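Enquirer: this one's sequence-less:
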């Protein structure tokens, strides 16, 4: 069988969704990186035989009453993991799926067709089944609902409400969550709550400058929940909403992306780097020697052209970019933390006598083919989640009891950390 999903399933999902159709329930999961000791909820796929076995096993039922287990006790070192749209772990006779919180409540179309058949019994490509489903989380359980579009309303709000009430999606199956988080690493961009009459752009940049002046290291931007300044209201709200009963850490998305990019061997191998995180809203550049910050500038991505980014980045390297230039063009500002950051020569991104210019972030494509000749960072082979790897590093920084496991899995040693 070959199974496709309109949410972007890869061919690797074929085996997984075949298991779904043959065994019954399934679950999806947020991609949790191998280094992070706290994972997304994991549910066990149960066919009729497995369900019967569980009922007969009083010990296993008793364990369920105690609540979710630590991740390492469920997905052990013996687990065989299949990567794809979501992870599938086989541990002995049991199969587990990790659940992606970001996809809970999202409608998904599952479509199954014949991929290969024995000679004389049919043709490949024939449709087998399709179904629209939605995953929901309720306490420590994951519900799989089947959705139907047989009844429709033509734009009349009252009629739409009546159809919705008469079409309650049935629960196809329910799953017990078998794991709990061992840790949380959360990030967002926070301007901070600036005083009345004070520029929020300057207030945000004052925070960046204050952190670097206090301890010149990218990891200094990491906070335990109780360490968050009162003025970082968005970050505090995020941590409060998470309600973590496990070790947690907060890291601003800009420094997180830079810490992630430093885990790319090509970036880590250079003594000096300029890491540009081009987000959808903010562009933040760090001129670095390992995790030590020489200088930085921050702007709004939508307020600068590709040519301005090239110009600002080059002049940050050679020490001639002024704070007033960036702030005056609707940006945040420029800060030189180290007198050694000035370079009289302006160099291309891969020149031997200057920093490697590495770019990450969702708007990184704006610099493709530019005069900076940037290197597109791919930490651990994935350019889409630089910030996630940076969050892991921050977690290890603030929770030394987990540092050995996390940093060892990330291969951080020898990354040019000072």
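Expert: Here it is on my side, so go on. If you're wondering where the values come from, they're calculated on a predicted model, not measured in any experiment. Residues are numbered from 1 along each chain as shown.
Enquirer: Could you tell me the end-to-end distance of stretch 193-204?
Expert: Using Cα to Cα, to the nearest Å, the end-to-end distance of stretch 193-204 comes to 9 Å.
Enquirer: now residue 305: how far from residue 187?
Expert: Counting by Cβ to Cβ, to the nearest Å, the gap from residue 305 to residue 187 is 28 Å. For every residue, glycine as well, the C-beta is placed using N, CA and C.
Enquirer: scratch that, residue 412 is what I was asking about
Expert: 18 Å.
Enquirer: Which one of the two is surrounded by more residues?
Expert: Neighbours were counted for residue 412 and for residue 187 using other Cβ atoms under 10 Å; residue 187 has more, 23 against 20.
Enquirer: May I have the residues that are in contact with that one?
Expert: The neighbours of residue 187, taking Cβ atoms under 8 Å, 6 or more residues apart in numbering as the test, are 250-253, 256, 387, 390-391.
Enquirer: Could you point out which of those is nearest to residue 355?
Expert: Nearest to residue 355 among the contacts of residue 187 is residue 390, at 18.7 Å by Cβ to Cβ.
Enquirer: quick check, the closest one in a helix?
Expert: Yes: judged by DSSP: H, G, I helix; E, B strand; the rest coil, residue 390 forms part of a helix.
Enquirer: That one touches residue 256, doesn't it?
Expert: Yes: Residue 390 lies in contact with residue 256 (Cβ atoms under 8 Å); the separation is 3.5 Å.
Enquirer: more neighbours, these two?
Expert: More neighbours sit around residue 390 than around the other of residue 390 and residue 256, counting by other Cβ under 10 Å; the figures are 32 against 29.
Enquirer: which residues does that one contact?
Expert: Residue 390 touches 187, 251, 255-261, 263, counting by Cβ under 8 Å, 6+ apart.
Enquirer: how far away is it from residue 335?
Expert: Distance, residue 390 to residue 335, by Cβ to Cβ: 20 Å.
Enquirer: Same question for residue 209.
Expert: Using Cβ to Cβ, which is the criterion applied here, residue 209 is 5 Å from residue 335.
Enquirer: between these two, who's got more neighbours?
Expert: residue 335 (21 against 18).
Enquirer: Torsion angles phi and psi at residue 131?
Expert: With angles defined as degrees, to the nearest 10, residue 131 sits at phi -160, psi 140.
Enquirer: before we move on, what about residue 252?
Expert: Torsion angles, degrees, to the nearest 10, at residue 252: phi -60, psi 140.
Enquirer: Leaving out chain neighbours, which residue sits closest to it?
Expert: Closest residue to residue 252 apart from its sequence neighbours, by Cβ to Cβ, 6 or more residues apart in numbering: residue 221 at 5.2 Å.
Enquirer: Give me the neighbour count for the one you found.
Expert: 25.
Enquirer: pLDDT weak spots in the stretch 251-400 of the chain?
Expert: Per-residue confidence for the stretch 251-400 of the chain (pLDDT under 70) gives these ranges: 339-353.
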